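Asks: 3D, please:
(2 chains)
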Number of protein chains: 2
Amino acid sequence: MNKLLNHTHDPAARSWLESANTLCDFPIQNLPMAVFRTAGSHEGFRGGVAIGDQVVDLAALSAAGLLQGVALQACTVCTQSTLNDLMALGPAAWQALRHALFALLHVQATPAQQQTLRACLVPQSVVEYAVPARIGDYTDFYTSIHHARNMGRIVKPDDPLPANFQWLPIAYHGRASSVVVSGTPFHRPMGQSALPGGSQPVYGPCARLDFELELGMFMGAGNALGQTIALPDAENHIFGVCLLNDWSARDIQFWEMTPLGPFLGKNFCTSISPWVVSLEALVPFRLPFSRPAGEPQPLPYLDSPANRAQGVFDIQLEVLIETPQQRARVLRTSFRHQYWTLAQMVAQHTMGGCNLRPGDLLGTGTISGPTAQEAGALVELTQGGRKPLDLPGGEQRAFLHDGDSVVLRGWCEKPGAAPIGFGECRGTVLPALAGV
Amino acid sequence: MNKLLNHTHDPAARSWLESANTLCDFPIQNLPMAVFRTAGSHEGFRGGVAIGDQVVDLAALSAAGLLQGVALQACTVCTQSTLNDLMALGPAAWQALRHALFALLHVQATPAQQQTLRACLVPQSVVEYAVPARIGDYTDFYTSIHHARNMGRIVKPDDPLPANFQWLPIAYHGRASSVVVSGTPFHRPMGQSALPGGSQPVYGPCARLDFELELGMFMGAGNALGQTIALPDAENHIFGVCLLNDWSARDIQFWEMTPLGPFLGKNFCTSISPWVVSLEALVPFRLPFSRPAGEPQPLPYLDSPANRAQGVFDIQLEVLIETPQQRARVLRTSFRHQYWTLAQMVAQHTMGGCNLRPGDLLGTGTISGPTAQEAGALVELTQGGRKPLDLPGGEQRAFLHDGDSVVLRGWCEKPGAAPIGFGECRGTVLPALAGV
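Replies: Have a look, this model is predicted:
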């Protein structure tokens, strides 16, 4: 359903809303979704769709008389403060709503349609966002082979890649309660860590605070406990994709994670962008999936013709660090380098019968490209902190300082397609609170 | 609030309901909570309290005119299909409801009270249960030093205990969606695993299916993101304790868990008992917490006078395996051997600012005692499957077979106190479903 080009991808399509026709993240070919309200108000959060510099208020639209049938049904459930019910409706409903909005926002919409829809617009400059779903469970994958090698070298320089990495998309369970929307600041965590050569661990503020560049996917309709989602069907269960920063306290993480994985090193905060981009909007940026010669080929349950033909998404990504003095890009890469596809992650997650529910969040794991400059976390970019980054103005960063903001940005572009963007995912480090 | 003996612990207390006065799990000194309905009906699930062989229907009780004030408020939120709102009210409300029920069920209740309350009783023999809360997040700890040593020996015979084990209660995030109530069968999971000496992993049904004997604790009022729950306050945030079986697919788990911990090896099913026993009911069975001489002492944030004086709960535990041929007890131990206390687990979980929410579930990790016969999982009892257990009638079990049921039971007993029980946590293994 979401794998074919259609009229909503036409790069020549224009909106009657002029701000959507200039180079921006949200042209008429994108139409990502969020939940929003007027900033600082007591309004209820409700669903919205980004167009240019505006938000289409889906609560207003559902009452405006412009929609019918499945599109109206899809719009009506977006009057709630989360998109879970929309996610549960599945791809036909998502597409019906997106196509209806495309028609209403297009220059060929009637003057009456334009006038009515204009009354449903709210400027992005005056709104605030919330996490778009009640997240039942948050899972984080580990699917960049470059990231896995970079991390593996820290503990096993001669054999950095885990034996299972090329056979399955590794994942672990994360913390759903501490997922926050872009713009939410957080306190540097307190924690226990081990100093090299120390006789006992120390308690104090995290000294090696890091970001992790990831994408997140929100699940649509789920599966019953004991059932699987087979690879050919997996993308029908993906509502859309957002930016995700899996903040990491490296000193706490490395001390605690043997043998059962990260816990307090990750669960103090995870930030996501407000806007969720549909797989349909990403169709022009699909690429084939293949394995380098000589590497293990996927087992049959992780292989399908469609995944091979177009399972990969070429999503451009960058990370900026803003300090009180300056703002600097510290990396740029693409999601196309990831070793496993979004569909493979969903199939793997459910292969043993684990049930996914609408609104569940799956992170891709850190996205690091093949070169050192494309690494998706400071611990990799600085070789474990030994080679701090030089920022403009003489500043250096091995790890994050209090007051630093980290901004993730994502977009897609290629000749013959309209470029689309993900907006940004921003978070700011506040000082640690006094401990116990 | 829940640390002192009071009149509800009087071993001489008797109920007018005769079944509560015989040796049973649910005398008047216990009063655990669940959600229930008439089995096979379309009734709504609602809160209930166990007494003898009956359930007090809290929806009926809230309308019966017997309660007032905080107890009535606490009872009224139990008319819902989960206990989350009761959990959020905190220990004063929990105690008010428990004390009111104690008075109404006591032989000294007036004939009118007895008659009215009798109309609120439903026999346990005709009800079914549900998971008692919307579980926002499920966390599993790893706090038995005997279990940690037994598991560590499998991979590091010379140095089995992780370096961090004696310094912090290790934990990882589990899967909330696949937590089910006792009695729910589940399918043996399909998965990927590595055979010794094989050149590539294989896909098939789990061949080393195991149970894990644990306790679970449901959280009461939580903490805001960025805040901590200090050790002296931690028990005020624990609503109560249940039995928990963290089913484990050992072959899948051991192949997938490097470097980020268990995932599909655990997330296909976790079973809990329907009844949640309050910390107040457990007061008579508290014991001091101390560390053996020469071992690391807890860091200050994991140490408090109250935790030292009475942080440990002496809860007796046993596991039975039922096959079509027979039923045999395969282990018996006590929670008193655990290396970290419930309160220390809560304090550790929140030390970095991770927010807990009412209804969150925290597992203790496998409970293994100091002797080989007290190990809380088959992988330990059978030394990794090499020494199968002999069951009556000539049957053997290295790991679980299709059709096997595993039953966890828990109770507390000591001279001078009324014995109380947890009921049981039961699950049955169904054959694997056909794979992809």
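
Asks: Would you state the helices of the stretch 51-200 of chain A in chain order?
Replies: Under the criterion DSSP state H, counting those that start in this stretch, helices of the stretch 51-200 of chain A are mapped to A:58-62, A:69-77, A:84-89, A:91-105, A:111-118, A:145-155.

Asks: between those, which gets nearest to chain B?
Replies: Of all the helices of the stretch 51-200 of chain A, it is helix A:145-155 that lies closest to chain B, at 7.7 Å by Cβ to the nearest Cβ. From N, CA and C alone the C-beta is placed, and that goes for glycine too.

Asks: what's that closest one packed up against?
Replies: Counting contacts by 3 or more Cβ pairs under 8 Å, 6 or more residues apart in numbering or on different chains; DSSP states H and E, helix A:145-155 packs against helix A:378-381.

Asks: Do the helix it packs on and chain B come into contact?
Replies: No. Legend: contact between helix A:378-381 and chain B by Cβ under 8 Å from any Cβ of the partner chain is lacking; minimum distance shown is 13.9 Å.

Asks: What helices and strands are in contact with that helix?
Replies: helix A:145-155, strand A:327-334.

Asks: mind putting those in TSV, distance to B:Ala328 and mean pLDDT included?
Replies: Below are these laid out as TSV (distance: least, Cβ to Cβ, whole Å; pLDDT from 0 to 100):
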stretch	distance to B:Ala328	mean pLDDT
helix A:145-155	43	91
strand A:327-334	57	98
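
Asks: Could you chop chain A up by domain?
Replies: What automatic domain parsing lists as the domains of chain A is A:7-130, A:138-430.

Asks: thinking again about what came up before, the helices and strands packed on helix A:378-381 into CSV, with extra columns for mean neighbour count?
Replies: Shown next, in CSV, are the helices and strands packed on helix A:378-381 (neighbours: other Cβ atoms under 10 Å in any protein chain shown):
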stretch, mean neighbour count
helix A:145-155, 19
strand A:327-334, 18
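
Asks: circling back to that earlier point, please identify the most buried of the domains of chain A.
Replies: Mean neighbour count, computed with mean count of other Cβ atoms under 10 Å in any protein chain shown, is highest for domain A:138-430 among the domains of chain A, reaching a mean of 21.

Asks: what residue ranges in the stretch 201-350 of chain A score low on pLDDT?
Replies: Of all residues in the stretch 201-350 of chain A, none has pLDDT under 70.

Asks: can you pull the contacts of A:Leu264?
Replies: By Cβ atoms under 8 Å, 6 or more residues apart in numbering or on different chains, the contact list for A:Leu264 reads A:Pro189, A:Gly191, A:Ala249, A:Ile252, A:Gln253, A:Glu256, B:Gln348, B:His349, B:Met351, B:Gly352, B:Cys354.

Asks: er, A:Ala207 I mean
Replies: A:Ser193, A:Asp251, A:Phe399.

Asks: re earlier: could you tell me the least trusted of the helices of the stretch 51-200 of chain A?
Replies: When the helices of the stretch 51-200 of chain A are compared by mean pLDDT, helix A:145-155 comes last with a mean of 91.

Asks: to the chain's geometric centre, what's the distance from that one?
Replies: 22 Å (Cα atoms, centre = their mean, to the nearest Å).

Asks: repeat for stretch A:267-285
Replies: With Cα atoms, centre = their mean, you get 4 Å for stretch A:267-285.

Asks: With stretch A:332-340 instead?
Replies: Per Cα atoms, centre = their mean, the centroid offset for stretch A:332-340 relative to its chain is 13 Å.

Asks: what about that stretch, near chain B?
Replies: No. Stretch A:332-340 stays clear of chain B (Cβ under 8 Å from any Cβ), getting no nearer than 13.2 Å.

Asks: now the helices and strands packed on helix A:378-381 in JSON lines, with distance to A:Asp303?
Replies: Converted to JSON lines, the helices and strands packed on helix A:378-381 look like this (distance: least, Cβ to Cβ, whole Å):
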{"stretch": "helix A:145-155", "distance to A:Asp303": "18"}
{"stretch": "strand A:327-334", "distance to A:Asp303": "23"}
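
Asks: that older thread, can you tell me which of the helices of the stretch 51-200 of chain A is nearest to A:Pro32?
Replies: The minimum distance between A:Pro32 and the helices of the stretch 51-200 of chain A falls on helix A:91-105, with 9.6 Å, by Cβ to Cβ.

Asks: Which strands or helices does the closest one pack on?
Replies: Here helix A:91-105 touches strand A:46-51, helix A:69-77, helix A:84-89, helix A:111-118, going by 3+ Cβ pairs under 8 Å, 6+ apart.

Asks: Other residues contacting it?
Replies: The contact list for helix A:91-105 (Cβ under 8 Å, 6+ apart) reads A:1-2, A:7-8, A:13, A:15-17, A:20, A:28, A:31, A:49, A:51, A:56, A:66-67, A:69-71, A:73-75, A:78, A:86, A:109, A:113-114, A:117, A:220, A:236, A:239, A:278, A:280-281.

Asks: how about a cut-off of 6 Å?
Replies: Helix A:91-105 is contacted from outside by A:1, A:8, A:15, A:28, A:31, A:49, A:51, A:66-67, A:70-71, A:74-75, A:113, A:117, A:236, using Cβ atoms under 6 Å, 6 or more residues apart in numbering or on different chains.

Asks: Quick check: which of those are also close to chain B?
Replies: For chain B, no contacts are drawn from those by Cβ under 6 Å from any Cβ of the partner chain.

Asks: Tell me which two of those sit farthest apart.
Replies: Greatest spatial distance in the contacts of helix A:91-105: A:Gln113 and A:Asn236, 30.3 Å, computed using Cβ to Cβ.

Asks: What values do phi and psi take at A:His337?
Replies: The phi and psi torsions at A:His337 (degrees, to the nearest 10) take the values phi -80, psi -10.

Asks: Test my guess that it contacts A:Thr371.
Replies: No. Using Cβ atoms under 6 Å, A:His337 makes no contact with A:Thr371, being 9.7 Å away.

Asks: Bridging across strands, which residues link to A:Val202?
Replies: A:Ser193 (DSSP bridges).

Asks: mind checking how far it is from A:Pro262?
Replies: According to Cβ to Cβ, to the nearest Å, A:Val202 and A:Pro262 sit 19 Å apart.

Asks: mind listing what the residue of chain A found nearest chain B touches?
Replies: Taking Cβ to the nearest Cβ, chain B has its nearest neighbour within chain A at A:Gly261, 2.6 Å off. Under the criterion of Cβ under 6 Å, 6+ apart, the neighbours of A:Gly261 are A:Tyr172, B:Tyr172, B:Leu260, B:Gly261.

Asks: can you put the residues you listed in TSV and add distance to A:Leu101?
Replies: What follows is the contacts of A:Gly261, written out as TSV (distance: Cβ to Cβ, whole Å):
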residue	distance to A:Leu101
A:Tyr172	37
B:Tyr172	42
B:Leu260	39
B:Gly261	42
